[in-house]
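1. sequence plus the predicted model coming up.
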Protein chains: 2
Amino acid sequence: MHGSCEFTTAVAQLAPRIGDVEGNRQRAAAAIGAAAQAGASLVVLPELCSSGYVFADAQEARSLAEPIDGPSVEQWRALSREHDLAIVAGLCELDDESAVRNSAVVIDSGELRAVYRKSHLWDREKLCFEPGSSPPVVVETRAGFVGVAICYDAFFPEVMRMLSLAGADVIAVPMNAPVLAPPLEPLVADLITACASAQTNRVYVAQADRTGPERGVDWVGASVIVDPDGRMLTAQAPGEALLTATVDLARARSKRFGERNDVLADRRLDLYDRPAQVIKAGPGSRASLV
Amino acid sequence: MHGSCEFTTAVAQLAPRIGDVEGNRQRAAAAIGAAAQAGASLVVLPELCSSGYVFADAQEARSLAEPIDGPSVEQWRALSREHDLAIVAGLCELDDESAVRNSAVVIDSGELRAVYRKSHLWDREKLCFEPGSSPPVVVETRAGFVGVAICYDAFFPEVMRMLSLAGADVIAVPMNAPVLAPPLEPLVADLITACASAQTNRVYVAQADRTGPERGVDWVGASVIVDPDGRMLTAQAPGEALLTATVDLARARSKRFGERNDVLADRRLDLYDRPAQVIKAGPGSRASLV
């Protein structure tokens, strides 16, 4: 852990354009610069911010993929060094074995610290990407221990719990949340998962969604920073936006909840490795009392 | 499974009075009767609705506890038979070994079908109750497969997942949610967990909170029925209230999410049994790329 216990974190809600990799790099660079101006130690960029999202087919995704030593990551490394901050960003990755991945990189002090490959693929992503086969990752950075989950990954409480148990202070969630149906009121589905993950694990969640219609798809704009109480520290923003909030590592490192509880220690591991009891209807069911 | 695929479920937000076991039985009976009038096949009552919640000490809790063949459960059984509906209700239980339990009973057609004992105790409950040592339970009733979690149990995604994997269509959550701090906006913490559990498992959640200040404690009033999209089908009510909504078992039994996803089948069990990877700062950290 570097520096003080409190720092500014930022999430950049961006409007990448499909296929415009150079323009997308410029948008990302501008957001990273703005985050640095705002004093951020950590900035999170959306899922697939290098490429755009609504690929016509797998071939288009492949044509927009870059290796992890390609120009996007090289630029992010340079900006991390220049601005002295950590970056989590979504990359359309071409891996060493020529598979196309929906990845996120963690960069700090100019160094690539980890590549995480989305392991829960959503909808047509299954046609374009090879799913990740490694567990989620937590990286020690200048901004504390940063865990990574990409969009639909965060819909799995198992992932958020694993990251928290591994010591994540902040879970960075690069996201591209399409509008699927009339949004839930008063809180959209992707903000509910962020708040629930934060409060049930007592971690910060720093979620960077995209914006800007793309090939007929609209986006939720569910960028947010949530504190360990589950409280949203930022307001939902329309369009491109940089949201910032103060993260206090001490708050994420205490799992105490009230005077006598601890959200991780209170888990009942003795019960979780058994299936729930199922009591079916019919004769004998009265004997199944527990 | 009995009858049609759709039925009415009800949650009763009640104001029990500490120590007034006879009055509490009358309040519960009135709510069950009102649920029957509303055509409900299932009614959920709050945690500890027989006794009240804010016990002065363990002795007081013990003095208000009843065995499962005591008057509250006997009454609920009679009302279930009379009104032809299923009931889930919170009971301050004195078990066979003279331990005091924070329990919930599942009753259908006049029969006691299951007793679940809260396994995650909150705050001063640790002073009054013996925690449950059995996994959560799912009971086949006239209203589909009903799982049970009591208040703080529902704060553990593991519990809600277990119940869903065991086939719960509806997770009944008897609750007593004290106001702990300024409520989260725009959705209080206990509604966030209900919505998140519903949408990440594609189940219904039928949560019955209490109301009515007790010994200086106020209550959130977080009673709600949530559908498998995470959509609240009922509005938050002040004071005593009976909330009802239609449950469609077919919706709870399809875990499909969009065209290509399934919230249970998409879990990556191959990854969840390993810890998350932790990449620490310092020399060699660059070699830890995944």
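-> Happy to help now that I have it.
2. ok, stretch A:121-129 near chain B or not?
-> Yes. Using CB under 8 Å from any CB of the partner chain, stretch A:121-129 reaches chain B at A:122-124, A:126. No exception for glycine: its C-beta is placed from N, CA and C like everyone else's.
3. buried only: go through those residues for me.
-> Buried members of these, counted by 16 or more other CB atoms under 10 Å in any protein chain shown: A:122, A:124.
4. all helices for chain A, in order.
-> Using DSSP state H, the helices of chain A run over A:21-37, A:58-64, A:71-83, A:125-128, A:157-165, A:189-201, A:249-253, A:269-272.
5. coming back round to it: nearest to residue A:210, of the residues of stretch A:121-129 next to chain B?
-> The closest of these to residue A:210 turns out to be residue A:122 (CB to CB; 13.6 Å).
6. list the contacts of that closest one.
-> Applying CB atoms under 8 Å, 6 or more residues apart in numbering or on different chains to residue A:122 gives the contacts A:151-152, B:258, B:260-261.
7. show the pLDDT at it.
-> pLDDT recorded at residue A:122 is 98.
8. got the residues of the stretch 1-150 of chain A near chain B?
-> So far as CB under 8 Å from any CB goes, the stretch 1-150 of chain A lies against chain B at A:2, A:68, A:106, A:111-117, A:119-120, A:122-124, A:126, A:131, A:133-141, A:145, A:147.
9. kindly recompute the last result at 7 Å.
-> Counting by CB under 7 Å from any CB of the partner chain, the stretch 1-150 of chain A comes close to chain B at A:111-116, A:119-120, A:122-123, A:126, A:134-140, A:147.
10. give me the buried subset of the residues you listed.
-> Buried members of those, counted by 16+ other CB under 10 Å: A:112-116, A:119-120, A:122, A:135-140, A:147.
11. what residues does residue A:74 make contact with?
-> With contact set as CB atoms under 7 Å, 6 or more residues apart in numbering or on different chains, residue A:74 has no partners.
12. would you map the strands across chain A?
-> Taking DSSP state E as the test, the strands found in chain A are A:6-13, A:40-44, A:86-94, A:100-108, A:111-117, A:137-141, A:144-148, A:170-174, A:204-208, A:224-226, A:241-248, A:256-257, A:261-262, A:277-279.
13. give the rounded mean pLDDT of the last one.
-> Per-region confidence: strand A:277-279 scores 96 on mean pLDDT.
14. from the contact counts, what lies against it?
-> strand B:137-141 (3 or more CB pairs under 7 Å, 6 or more residues apart in numbering or on different chains; DSSP states H and E).
15. list the strands paired with the strand it packs on, with their directions.
-> Using DSSP bridges, strand B:137-141 pairs in its sheet with strand A:277-279 (parallel), strand B:144-148 (antiparallel).
16. of all those strands, which one comes closest to residue A:197?
-> Comparison of the strands paired with strand B:137-141 against residue A:197 by CB to CB identifies strand B:144-148 as nearest, at 21.3 Å.
17. average pLDDT for that closest one?
-> Mean pLDDT, computed over strand B:144-148, is 98.
18. alpha carbons of that strand, as PDB, please.
-> Extracted as PDB, the C-alpha positions of strand B:144-148 are listed here (Å, rounded to 0.1, in the frame of the first residue of the first chain):
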ATOM      1  CA  GLY B 144     -44.600 -23.300  -5.600                       C
ATOM      2  CA  PHE B 145     -41.200 -24.000  -4.000                       C
ATOM      3  CA  VAL B 146     -40.700 -21.500  -1.200                       C
ATOM      4  CA  GLY B 147     -37.300 -20.800   0.300                       C
ATOM      5  CA  VAL B 148     -36.700 -19.100   3.600                       C
END
